[in-house]
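Colleague: let me see the structure of the following:
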Amino acid sequence: MENKDKNSGTCDGANIRVGVRTRALSMARLRYIKQLGATDLFVDHADTQEEPDEFNDRDGTDTLVVGRDAIPTVTELRAARERVEDAGLTLTGIQSLPFSLYGDIMFGRDGADEALDQITTLVSNLGAAEIPILGYQWNPRGVVPMRTTPTELRGGAVGTAFNLNELDDPHQLPPELDREYTETEFWENYRTFLETVLPVAEEAGVKLALHPVDPPVLESLGGIPRLFRNVENFERAMEIVPSDNHGLKLCLGCFSQMGEDVYQVLHRFGRRDKIVFVHFRDVEGEVPRFNETFVDEGNFSTIKALRVMHDIGFNGVIIPDHVPKMVGDDDWRHRARGFTVGYLRGVVETVQSEH
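Modeller: I've put the predicted structure just below:
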């Protein structure tokens, strides 16, 4: 899967490649991504039970459908990979599991065994189709808002934001729950997930990549534990069922929201080869109040972060995650995404030239 051309970032063992996440796999979208100079693509599937996610484009044409009772076959996955490859790109993974697949497992509800069967089938099919990464999160969807009132950025661009004080009662149970859940329950259910799925991933040659909870505030919101809200819990996640096929979808923006030193986080997990791929974004502020911003602004230095990645020999993909909305942007925020890809490629090349 490594791209060794001049855009790949290969230098002294580091191979930092710039990719994108996209739902649409239309030829127009793929041509645009290729024109940006990105090399790798993570598909944001269309779910059978639509998730309220403002960060996904709504174009459901020419995409993968992944959800409960809708697991793409090996043939369908290969067709998607070949479509992407025909555009000169690499289909490196599925961006994330939908909540419709992991929700019952997370809550320990009826249907968890069936969901585990469907997830292991998906992992096996990905391996057979030579798509090497499956991102996932352990985050209830739609229970509390990921973001609150947006923020105006430079030139009138719009960035998402979160302010805990804007929530009426962060501890109020949502209507669909009849009780609160404990961290102990969630850790036990998470262990079951790993014990079931990771052996299949190892056999299939697929890596699972865990994303932080977003926003990483409080131990519990709406009666639901927020397990992956700090570095220590990520360490625990990697140790519960040790596997070379398990690592981080390391979202720099989330760790920045936590108030963590992102350079230390990169060193901490990178030196153990636990970074599968990277969501490259940043915020201004920290929990309980922050806003997302352009990649050249924020709490940490993009240049310094990429120098650290180079120094630890990171061999993988960085992708723009959430991006601001610029004037004239479409639903996918193609202008802001294009700016971010170009900026990251420029910094990667600069860091390369230093060695």
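
Colleague: for the stretch 51-200 of the chain, what spans make up the helices?
Modeller: Along the stretch 51-200 of the chain, counting by DSSP state H, counting those that start in this stretch, helices occupy 74-86, 99-107, 112-128, 183-204.

Colleague: most tightly packed of these?
Modeller: Across the helices of the stretch 51-200 of the chain, averaging neighbours per residue (mean count of other C-beta atoms under 10 Å) puts helix 99-107 on top, at a mean of 22. From N, CA and C alone the C-beta is placed, and that goes for glycine too.

Colleague: from the contact counts, what lies against that helix?
Modeller: helix 112-128, helix 183-204 (3 or more C-beta pairs under 8 Å, 6 or more residues apart in numbering; DSSP states H and E).

Colleague: chain center to the first one: distance?
Modeller: This points to helix 112-128. 19 Å (C-alpha atoms, centre = their mean, to the nearest Å).

Colleague: and for stretch 203-210?
Modeller: 14 Å.

Colleague: end-to-end on that stretch?
Modeller: Start-to-end span of stretch 203-210 (C-alpha to C-alpha, to the nearest Å) is 19 Å.

Colleague: repeat for stretch 290-302
Modeller: 18 Å.

Colleague: adding distance to Val74, write the helices and strands packed on helix 99-107 out as JSON lines.
Modeller: As requested, these are arranged in JSON lines below (distance: least, C-beta to C-beta, whole Å):
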{"stretch": "helix 112-128", "distance to Val74": "5"}
{"stretch": "helix 183-204", "distance to Val74": "11"}
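
Colleague: follow-up on the earlier one: among the helices of the stretch 51-200 of the chain, which is nearest Gly156?
Modeller: helix 99-107 (33.4 Å; C-beta to C-beta).

Colleague: where is the longest strand in this structure?
Modeller: strand 14-22 (DSSP state E).

Colleague: including distance to Ile303, could the helices of the stretch 51-200 of the chain go into CSV?
Modeller: As requested, these are exported to CSV (distance: least, C-beta to C-beta, whole Å):
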stretch, distance to Ile303
helix 74-86, 30
helix 99-107, 36
helix 112-128, 34
helix 183-204, 34
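
Colleague: now the longest strand of the chain against helix 74-86, angle please.
Modeller: 110 degrees (axes from the mean of the first three to the mean of the last three C-alpha atoms, to 10 degrees).

Colleague: quick check, pLDDT for the closest residue in space to Gly298 that isn't next to it in sequence.
Modeller: Distances taken as C-beta to C-beta, 6 or more residues apart in numbering place Asp282 nearest to Gly298, at 2.9 Å, with adjacent residues excluded. Note on Asp282: pLDDT of 96.

Colleague: for Asp282, phi and psi?
Modeller: Main-chain torsions, Asp282, degrees, to the nearest 10: phi -150, psi 170.

Colleague: now it: how far from Val323?
Modeller: 11 Å (C-beta to C-beta, to the nearest Å).

Colleague: give the contact list for the residue nearest to Gly298.
Modeller: Leu252, Gly253, Ser256, Glu292, Thr293, Val295, Glu297, Gly298, Asn299, Phe300, Thr302 (C-beta atoms under 8 Å, 6 or more residues apart in numbering).

Colleague: would you mind measuring from it to Pro324?
Modeller: Distance from Asp282 to Pro324, by C-beta to C-beta: 11 Å.

Colleague: shared neighbours of those two, which are they?
Modeller: In contact with both Asp282 and Pro324: Glu292, Thr293, using C-beta under 8 Å, 6+ apart.

Colleague: any weak-confidence spans in the protein?
Modeller: 1-13, 48-56, 58-61, 141-144 (pLDDT under 70).

Colleague: farthest residue from the center of it?
Modeller: Asp178 (29.8 Å; C-alpha atoms, centre = their mean).

Colleague: which ones are touching that one?
Modeller: With C-beta under 8 Å, 6+ apart, Asp178 has no contacts at all.

Colleague: for Phe107, see how far away it is.
Modeller: Applying C-beta to C-beta to Asp178 and Phe107 gives a distance of 11 Å.

Colleague: what do you get for Ser26?
Modeller: For Ser26, the distance to Phe107 - C-beta to C-beta - is 36 Å.

Colleague: give the bridge partners for Cys251, please.
Modeller: Taking DSSP bridges as the rule, Cys251 bridges to His279.

Colleague: that one touches Asp321, doesn't it?
Modeller: Yes - using C-beta atoms under 8 Å, Cys251 makes contact with Asp321 at a distance of 6.3 Å.

Colleague: what are the contacting residues of the helix or strand where Ala305 lies?
Modeller: Here Ala305, judged by DSSP states H and E, is contained in helix 302-311. Applying C-beta under 8 Å, 6+ apart, the external contacts of helix 302-311 come out as 11-12, 14, 16, 252, 262-263, 266-267, 270, 278, 280, 282, 295-296, 318, 343-344, 347-348, 350-352, 354-355.

Colleague: give me that answer again for 7 Å
Modeller: 11, 14, 16, 252, 262-263, 266-267, 295-296, 347-348, 351, 355 (C-beta atoms under 7 Å, 6 or more residues apart in numbering).

Colleague: quick one: residues in contact with the helix or strand hosting Glu235.
Modeller: Glu235 is part of helix 231-240, with elements assigned from DSSP H and E. With contact meaning C-beta under 7 Å, 6+ apart, helix 231-240 is reached by Arg191, Leu194, Leu210, Leu227, Phe228, His246, Leu248, Glu260, Val265, Lys274.
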